[in-house]
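Participant: Sequence unavailable; structure follows:
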């Protein structure tokens, strides 16, 4: 059997991940220098208002014209620093961080004056104190989940497996965050829910491989082989199932991203990034790390 | 067929059959979250002021006041819930102009004591002139509604004519629950100095008549005045249950020391968005299911078709369980549901790959299936537990629509264990004489 040399090349894999993460973070840093917020925080986390409307007009406009028209309309009521987004279904999302709740009514009234027909799809207002409360709570939830995972893996396997799996999880979290920074995905409570799902799901593949490694370590015919080789063999043996299990989930996600409507699209894109990262980290991060931790223990 | 297989088949047919019936039962509708049916959600926070602390009683008072007001708005199936120590969540499904609702809800409570008279029982059959005569210039006809505190059902309704506001919440100093000499629950009230004088005058004038207590202009109680009461301390007795007594005390307190509330969050979802989301997610779900089935069949042939059958059964069982448990379906919940369609076959992939390996090693297919299932089981269990950990934490600590995601995700994980392990195994056993797992040599 031809054995892939995955473990030995761990430096390449780490470098690859690090460069994606760094790229994401440098984009965030650049935003800070442009005096923008480093990440696209949703109003959930920073407080503010958002309104989603559908505008009907005599003739259909291009996305750029639509945004321009909305901006012109809003500047009449002194709102110059607002974010205006147009979804694939031509819904318009207007977001602003500095608005008391009655500001939303102002926006609605102004749009009704300037456009033929305005249909309000969604209005959201989050007070600043409530925003910081949600933010703190989300952070706490992520820490709790990670701790639970470490405890569970340590209990079911051994500590070095647990640490390796946890680092892979942190990796997936960072990659997803970097992806969010690159794609300008909104960081809000839904994003945190996606991160948690990723933590719970991406560890599945890791468990499948670790289970195989554990089994192969007990296997008499492999006793002569080095730990790195056994891990390589295990990765190869689990390769198809790692791919196939993730692929089915990715298929489901892709169908929501393509057909599921704009309100849920970003949530699923986040999941897509995280789950893909999970496949990668299982083979290229968690498994080599396990070997590294084990061999350090022996020395 | 072995006895055991027969029993298992019977159980499976029953479960899947029941799931189908429940799924298509129109009399048992799915609870839809606000984001799917439209409506608004308001989160209010009670604020402490110099004179009043937003403690437990105060927040309960605010809750009562809000409930009272929403009842008067006539919203169907509102949800009014306490969240944490100082927050209150109000969900108003289907409300068209939430601005008005918010205005009504956010106002500070208004407690008043009103001189009143019981209206004659035949009030409704009286002519307009006579009614006018009874009401006078400033009178207003209302009903004292006695509700069952638990079910909210109206037990009795008694018409009452409100005449003149004589005392307000600021005159009231304290309200506390107690018992009278017969051991019946009563509410003790105490007025301020000026309040006590006014109260004495009022009671002297109105012996034998009721004194209506209104909260936001709605009658909450109307004790009869038995005598002129001096000193500013009085007792409201009646045939209260302990629950009613508590509610009245809380309402009186809320009106005497009003706690201001601040709206910290407000979400309004228009009715079209929800409908649009439902139809789009239906399409996404069916396409997702189709893609997974095509993939499984292409990769695993007949076992893949079997797994697909189990997957379809899974979809129905999940849907039926959501209905049965009365879970609320939200948009992230639907996304979670579709995601679990992709995850539910994971166990099958793991098992089938294992069986292939065992067959390649030269085991008989029957033995390979047996070993495949038993060896893959621990890995499947472990991986599902981790997903469950995430979703349970999300459920316990998450808010709003995200909770719906946690519900479908955890339900999906549990049901998939049944469909992917039990159902698939059964179907494979039934077919195991055939050569299912061909191995490329």
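Facilitator: Good, I have the coordinates. Predicted, not measured: the structure shown is a model, and the values here were computed from it.
Participant: contacts and neighbour counts: CA atoms only from here.
Facilitator: Noted.
Participant: Grab the nearest non-local neighbour of residue A:112.
Facilitator: For residue A:112, the nearest residue in space outside its immediate sequence neighbours is residue A:118; the separation is 5.8 Å by C-alpha to C-alpha, 6 or more residues apart in numbering or on different chains.
Participant: do residue B:5 as well
Facilitator: Closest residue in space to residue B:5, ignoring its immediate chain neighbours: residue B:426 at 7.1 Å, by C-alpha to C-alpha, 6+ apart.
Participant: so the one you found sits right up against residue B:10, yeah?
Facilitator: No: in this structure residue B:426 lies outside contact range of residue B:10 using C-alpha atoms under 8 Å: 10.8 Å.
Participant: The two: which has the busier surroundings?
Facilitator: Shown here are residue B:426 and residue B:10; by other C-alpha atoms under 10 Å in any protein chain shown, residue B:426 has more neighbours (19 against 11).
Participant: Report the separation between that one and chain A.
Facilitator: When C-alpha to the nearest C-alpha, to the nearest Å is the yardstick, residue B:426 and chain A sit 21 Å from each other.
Participant: Number of residues surrounding the residue nearest to residue A:112?
Facilitator: Taking other C-alpha under 10 Å as the neighbour definition, residue A:118 ends up with a count of 17.
Participant: mind listing the strands for chain A?
Facilitator: Residue ranges of the strands in chain A, as given by DSSP state E, are A:48-56, A:83-86, A:91-96, A:117-126.
Participant: Please identify the buried residues of the first one?
Facilitator: Of the residues in strand A:48-56, A:48-55 count as buried by neighbour count, 16 or more other C-alpha atoms under 10 Å in any protein chain shown.
Participant: Poorly predicted segments of the stretch 101-250 of chain A, please.
Facilitator: Applying pLDDT under 70 to the stretch 101-250 of chain A flags residues A:101-102.
Participant: And the nearest residue to residue B:205 once chain neighbours are set aside, which helix or strand is it part of?
Facilitator: Once flanking residues are discounted, residue B:205 sits nearest to residue B:228: 7.9 Å by C-alpha to C-alpha, 6+ apart. In the assignment (DSSP states H and E), residue B:228 maps to no helix and no strand.
Participant: so residue B:228 sits right up against residue B:209, yeah?
Facilitator: No: counting by C-alpha under 8 Å, residue B:228 sits too far from residue B:209 to count as a contact (11.4 Å).
Participant: Could you list the domains of chain A?
Facilitator: Structural domains assigned to chain A are A:7-33+A:130-298, A:48-126, following automatic domain parsing.
Participant: Tell me the bridge partners for the residue nearest to residue A:112.
Facilitator: Following DSSP bridges, residue A:118 is listed with bridge partners residue A:55.
Participant: Residue B:191 too?
Facilitator: residue B:172.
Participant: OK, contacts around it?
Facilitator: Residue B:191 makes contact with B:171-174, B:199, B:232-233 under the criterion C-alpha atoms under 8 Å, 6 or more residues apart in numbering or on different chains.
Participant: how does it look with 6 Å?
Facilitator: Residue B:191 makes contact with B:171-173, B:232 under the criterion C-alpha atoms under 6 Å, 6 or more residues apart in numbering or on different chains.
Participant: Repeat that for residue A:126.
Facilitator: By C-alpha under 6 Å, 6+ apart, the contact set of residue A:126 is A:47-48, B:264-265.
Participant: can you give me the helices for the stretch 151-299 of chain A?
Facilitator: Ranges of helices in the stretch 151-299 of chain A, per DSSP state H, counting those that start in this stretch, are A:159-183, A:189-218, A:227-259, A:262-281, A:287-298.
Participant: what about residue 83, how many residues close to it?
Facilitator: No chain specified, so I'll use chain A. Around residue A:83 there are 14 other residues, counting by other C-alpha under 10 Å.
Participant: hm, I was asking about chain B
Facilitator: Residues within reach of residue B:83, counting by other C-alpha under 10 Å, total 13.
Participant: Likewise for the one 4 residues further on?
Facilitator: Counted with other C-alpha under 10 Å, residues neighbouring residue B:87 total 21.
Participant: That one is in contact with residue B:54, isn't it?
Facilitator: No: counting by C-alpha atoms under 6 Å, residue B:87 does not reach residue B:54; the two are 10.3 Å apart.
Participant: So what pairs up with the most centrally placed residue in chain B in the strands?
Facilitator: Nearest to the centroid of the C-alpha atoms of chain B, with distances taken as C-alpha atoms, centre = their mean, sits residue B:79, at 6.0 Å. On the basis of DSSP bridges, residue B:79 is bridged to residue B:91.
Participant: you'd agree it is up against residue B:91?
Facilitator: Yes: look at residue B:79 against residue B:91 with C-alpha under 6 Å: they come within range, at 4.9 Å.
Participant: for residue A:282, what are its contacts?
Facilitator: When the contact criterion is C-alpha under 6 Å, 6+ apart, the partners of residue A:282 are residue A:206.
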